[in-house]
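> Sequence isn't available, so here's the structure alone:
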Ligand SMILES: [Zn+2]
């Protein structure tokens, strides 16, 4: 029997030496030391032995089991160490490699100006109203008191859809119409920021799409001097405390009286330069008192209510504020241009 034990021992050691990984060692453990393992099987023959033989044989089997067990563990440690070294080697970090550059984005100048405009008017108690970019002819023109033969209705100025019934809004005024229809006869104090579309030749100062912020106030006892005060406040917050404004008579279908609003030239501060054509003034927006027809179509009695409105071109403000000389830079997506607004 001793020979049998030594034989099993030799075979086990040989297998352990050749085991390639911890899984193979586990299999060996089960084969020789498990409940149904080869050494355990030998113990079942104890019953056939004499009283004197049994303790010696049992001790020898246990001694062999311990020996194999220790050798197995030793091999397992060696294999695990080798596996760990291999893993560390493959995951080695080269700290001398250059890092990856994270490119910083920038907020678009139109968005910068829009945010600032909204913040200025919110600070003066206005709320923000928004509407769809595709509008009905009624909201875009009729509700704004455009006569049917008004030149702006011409297909040359407007992108029409569906035989003239719907269109890409040419201004944000339809949001004023919607706000009045929704709120009449309650007072209104809103700004309507958004994108508008015109059929136009694109050059340094014209584009087929741009942004407007329109303002509308409807209430009882509304004064034009309030409008002037609010526009002055806006211009000074946007361009500087030394800015002045002036109103010149003008014509818009939706306001009466109407005014073009000029600000003192941001380049020469009123002294006169080539930019302002020596006048000292730059035209920046239009405004006026809401036309009685617009009030009536919006659901307000013009005998009781009055109001004023203004419309500001956001791109115009951005070009002036950042000294940009061509509106096309704003839509070309040239990273070198946009990077300057970080
Ligand atoms: Zn000037």
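Cool, got the structure. Just so you know, these numbers come straight off a predicted model, no measurement behind them.
> Which residue is the nearest non-sequential neighbour of the spatially most central residue of the chain?
Closest residue to the average C-alpha location of the chain: residue 107 at 10.4 Å, with Cα atoms, centre = their mean. Counting by Cβ to Cβ, 6 or more residues apart in numbering, residue 341 is the residue found nearest to residue 107 once chain neighbours are left out, at 6.2 Å. For glycine as for every other residue, the C-beta is placed from the backbone atoms N, C-alpha and C.
> Let me see the contact set for the one you found.
Applying Cβ atoms under 8 Å, 6 or more residues apart in numbering, we find residue 341 in contact with 106, 107, 108, 109, 112, 322.
> one more time with 10 Å, if that's ok
Listed by Cβ atoms under 10 Å, 6 or more residues apart in numbering, the contact set of residue 341 reads 105, 106, 107, 108, 109, 111, 112, 318, 322.
> Please list the outside residues in contact with the least confident helix or strand in the chain by mean pLDDT.
Ranked by mean pLDDT, DSSP states H and E, the weakest helix or strand in the chain is helix 38-43, scoring a mean of 81. With Cβ under 10 Å, 6+ apart as the contact definition, helix 38-43 has outside contacts at 1, 4-5, 7-9, 11-12, 31-35, 57-58, 60-62, 64-65, 68.
> what about 7 Å?
4, 5, 8, 31, 32, 33, 34, 61, 64, 65 (Cβ atoms under 7 Å, 6 or more residues apart in numbering).
> Give me the nearest residue to the fifth one, chain neighbours excluded.
So that's residue 32. Per Cβ to Cβ, 6+ apart, closest to residue 32 is residue 12, 4.7 Å.
> Does the helix or strand harbouring the one you found pack against any helices or strands, and if so which?
Assigning secondary structure by DSSP states H and E places residue 12 in helix 2-18. Applying 3 or more Cβ pairs under 7 Å, 6 or more residues apart in numbering; DSSP states H and E, one finds that helix 2-18 contacts helix 22-33, helix 38-43, helix 53-90.
> Now do that helix and helix 22-33, the angle between them.
Between helix 2-18 and helix 22-33, the angle comes out at 170 degrees (axes from the mean of the first three to the mean of the last three Cα atoms, to 10 degrees).
> Near the ion, which residues of this structure? Just list them.
265, 267, 268, 273, 275, 276 (Cβ under 5 Å from the ion).
> okay, now the third one: neighbour count?
What that stands for is residue 268. As a burial measure, residue 268 scores 16 neighbours (other Cβ atoms under 10 Å).
> between the helices and strands packed on helix 2-18, which gets nearest to residue 237?
Closest to residue 237 of the helices and strands packed on helix 2-18, according to Cβ to Cβ: helix 53-90, at 60.5 Å.
> buried stuff in the closest one?
57, 61, 64, 65, 68, 71, 72, 75, 76, 79 (16 or more other Cβ atoms under 10 Å).
> Which member of those residues is positioned nearest the ion?
residue 79 (83.6 Å; Cβ to the ion).
> which non-adjacent residue is nearest residue 209?
Closest residue to residue 209 apart from its sequence neighbours, by Cβ to Cβ, 6+ apart: residue 197 at 5.1 Å.
> residues touching the one you found, list them.
159, 168, 169, 170, 208, 209.
> Check the burial of residue 157 by counting its neighbours.
Residue 157 has 14 nearby residues by other Cβ under 10 Å.
> Check what pLDDT it gets.
Here, the pLDDT recorded for residue 157 equals 85.
> What of residue 230?
According to the model, residue 230 scores 96 on pLDDT.
> what does residue 309 give?
97.
> Start at 8, not 1
Fine by me, first position is 8 from now on; the one you just mentioned is residue 316.
> Hmm, residue 280 is touching residue 272, no?
Yes: using Cβ atoms under 7 Å, residue 280 makes contact with residue 272 at a distance of 6.3 Å.
> So if I had to pick from those two, which one is more boxed in?
Per other Cβ under 10 Å, whichever of residue 280 and residue 272 has more neighbours is residue 272, with 21 against 14.
> how about the nearest residue to the more buried one, chain neighbours excluded?
In space, residue 272 is closest to residue 283, 3.8 Å off (Cβ to Cβ, 6+ apart).
> tell me the contacts of the one you found?
272, 275, 289.
> If we use 10 Å, what do you get?
Contacts of residue 283 (Cβ under 10 Å, 6+ apart): 269, 270, 271, 272, 273, 274, 275, 276, 277, 289, 290.
> quick one on the thing from earlier: quick one, phi/psi of the residue nearest to the centre of the chain?
phi -80, psi 130 (degrees, to the nearest 10).
> circling back: quick one: the residue nearest to residue 39 from residue 75, how far?
The gap separating residue 19 from residue 75 is 5 Å, by Cβ to Cβ, to the nearest Å.
> so residue 253 sits right up against residue 268, yeah?
Yes: Residue 253 is in contact with residue 268 according to Cβ atoms under 10 Å; the separation is 7.5 Å.
> out of those two, which sits in the more crowded spot?
When residue 253 and residue 268 are compared on other Cβ under 10 Å, the one with more neighbours turns out to be residue 268, at 25 against 13.
> Just give me how far stretch 181-196 sits from the chain centre.
30 Å (Cα atoms, centre = their mean, to the nearest Å).
> go on, stretch 316-330?
Chain-centre distance of stretch 316-330: 24 Å, with Cα atoms, centre = their mean.
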